[in-house]
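**Student:** Sequence and computational prediction follow.
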Amino acid sequence: MEIKYSDTKIFSERQLQDLFLSVEWSSGKYPEKLALAMKGYDTVYSAWDGEKLVGMVCAMDDGAMTAYVHYLLVNPKYQGQEIGRTLMQMIKEKYCEYLRITLIAYNDKLRFYEKCGFEKSEDSSPMYITKI
């Protein structure tokens with residue numbers, strides 16, 4: 001299998017639903033909202049096995065200083081094949097001139113992001129309001 005990478009923002013609702021539910025993210029229950037959201041991101045990179053969407057990373061930015069990685073997900077059947085690391089490298093290359101690339105990481109994923117060059121903040125914590 002050869003994984004191909006793309007910068008498309010156009011996905012079927014089913015492709016998004018399958019990917020998001022594969023990692024047990026509740027947002028996969030709202031594929032119509034996901035399809036609309038993808039079009040609003042500044043940057044979307046995706047990984048494909050043929051016609052199957054197997055990974056993606058999405059980022060928003062202010063155009064000069066800060067980029068925020070909102071989603072990074074890889075179908076569990078494809079994890080361990082450097083897909084997530086490749087997607088993060090694509091983000092780091094695009095935003096290499098920015099002062100900061102930031103993200104919120106689940107505690108069990110900290111090692112992955114540290115291997116990608118991110119550092120855990122000692123003086124701040126993520127905060128959010130969730131309606132899902």
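**Tutor:** Received it, and whenever you're ready, just let me know what you need. Quick caveat: nothing in here was measured; it's all calculated off a predicted structure.
**Student:** now the helices for the protein?
**Tutor:** For the chain, the helices defined by DSSP state H cover 13-22, 31-40, 83-94, 110-115.
**Student:** Which strands and helices lie in contact with the first one?
**Tutor:** Put plainly, it is helix 13-22. helix 31-40, strand 52-61, strand 66-74 (3 or more C-beta pairs under 8 Å, 6 or more residues apart in numbering; DSSP states H and E). Glycine gets a C-beta too; all of them are placed from N, C-alpha and C.
**Student:** what residues does the last one touch?
**Tutor:** The contact list for strand 66-74 (C-beta atoms under 8 Å, 6 or more residues apart in numbering) reads 19-20, 22-23, 25, 41-43, 47, 54-61, 83-84, 87-88, 91, 94-95, 98-103.
**Student:** picking up where we left off before, could you identify which of the helices of the chain has the lowest mean pLDDT?
**Tutor:** If you rank the helices of the chain by mean pLDDT, helix 110-115 sits at the bottom with a mean of 90.
**Student:** How confident is the prediction for the residue nearest to residue 20 when sequence neighbours are not counted, by pLDDT?
**Tutor:** Closest residue in space to residue 20, ignoring its immediate chain neighbours: residue 28 at 3.1 Å, by C-beta to C-beta, 6 or more residues apart in numbering. In this model, residue 28 is scored at 96, pLDDT.
**Student:** contacting residues for residue 28?
**Tutor:** 16, 17, 18, 19, 20, 21, 22, 34.
**Student:** and if we set it to 7 Å?
**Tutor:** 17, 20, 21 (C-beta atoms under 7 Å, 6 or more residues apart in numbering).
**Student:** who wins for most neighbours among those?
**Tutor:** Using other C-beta atoms under 10 Å as the neighbour test, these are led by residue 20, with 22 neighbours.
**Student:** Just confirm it contacts residue 30, I think it does.
**Tutor:** No - using C-beta atoms under 7 Å, residue 20 makes no contact with residue 30, being 8.8 Å away.
**Student:** Next one: the residue nearest to residue 20 from residue 45, what distance?
**Tutor:** 19 Å (C-beta to C-beta, to the nearest Å).
**Student:** Then residue 13?
**Tutor:** 19 Å.
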